[in-house]
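K.L.:
following is a predicted model, sequence given first.
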Amino acid sequence: MKTLISYFLLISLLVSACEKLEDQTSVNYDQPFSTKVFIYDKGKFNAISKKDFLKKWEQQVYEMKGINLTLENPKIVKQENGTLILVAKSTDGATKMATVVTLENGQIKSNNSSTCTCTGCAEGCNPEYISGNKWRCTPCSDITEDCEKSVTATTEPTPEGE
């Protein structure tokens, strides 16, 4: 149950903060992220496949919003403030999810503290991490479309310094 709540919080956080990914500098971490993400759960980091990680996010969006989607093209983005976030988007580009990650010894690690989901349009509406459990979503490029943010945060203790 705690694990489900943690993933739900992670996805909600991804929905709530969105910024244009084009405005951020992509970091080429494709190689270490090609197979696993290490998720903090029950006092330790556990390896999970990239595919299973995305499936958990998809389930979270479905449970929160009733939206059935497929997330693809996960990548690590380095924001202007130096924070690394893991971002994935739906096949139609209208939903983007993100969580803060660290890179340690070639491993992508997520402490599962918060997730942001931005929904509404394919251009714009991108997640941007601010601090703590605070995220924002950038506006849609088309001013006639709205961008909706959802943030999920966990209360489970996370490792020091993350």
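P.N.:
Thanks, I have it.

K.L.:
give the pairing partners of the biggest strand by length in the chain; include direction for each.
P.N.:
Longest strand of the chain, by residue count under DSSP state E: strand 95-104. Sheet pairing of strand 95-104 (DSSP bridges) gives strand 84-90 (antiparallel), strand 107-110 (antiparallel), strand 114-119 (antiparallel).

K.L.:
tell me the secondary structure at the residue located most distally from the centre of the chain.
P.N.:
Farthest-out residue of the chain from its mean C-alpha position, per CA atoms, centre = their mean: T144, at 25.4 Å. Assigned by DSSP: H, G, I helix; E, B strand; the rest coil, the conformation of T144 is coil.

K.L.:
list phi and psi for it.
P.N.:
Phi and psi for T144, reported as degrees, to the nearest 10, are phi -80, psi -10.

K.L.:
quickly list what N46 is bridged to.
P.N.:
Under the criterion used (DSSP bridges), N46 bridges to I39.

K.L.:
neighbours of it, how many?
P.N.:
12 (other CB atoms under 10 Å). C-beta: built from backbone N, CA, C; applies to glycine.

K.L.:
hmm, it is touching V37, no?
P.N.:
No - the pair N46 / V37 is not scored as a contact, 9.7 Å apart, by CB atoms under 8 Å.

K.L.:
report the beta-bridge partner residues of the most centrally placed residue in the chain.
P.N.:
The chain has A98 as the residue nearest its centroid, 1.7 Å off, counting by CA atoms, centre = their mean. Per DSSP bridges, the residues bridged to A98 are V87, C116.

K.L.:
check the one 5 residues further on too.
P.N.:
Residues found in beta-bridge contact with L103 (criterion: DSSP bridges) are I108.

K.L.:
isn't it up against L84?
P.N.:
Yes - counting by CB under 8 Å, L84 is a contact partner of L103 at 6.4 Å.

K.L.:
between these two, tell me which one has more neighbours.
P.N.:
More crowded of L103 and L84, by other CB under 10 Å: L84, with 18 against 15.

K.L.:
I figured the more buried one hits I76, correct?
P.N.:
Yes - using CB under 8 Å, L84 makes contact with I76 at a distance of 5.6 Å.

K.L.:
please report the distance of the residue lying closest to T102 once chain neighbours are set aside from G66.
P.N.:
In space, and not counting its chain neighbours, T102 is closest to K109: 5.0 Å by CB to CB, 6 or more residues apart in numbering. From K109 across to G66, the span is 31 Å (CB to CB, to the nearest Å).
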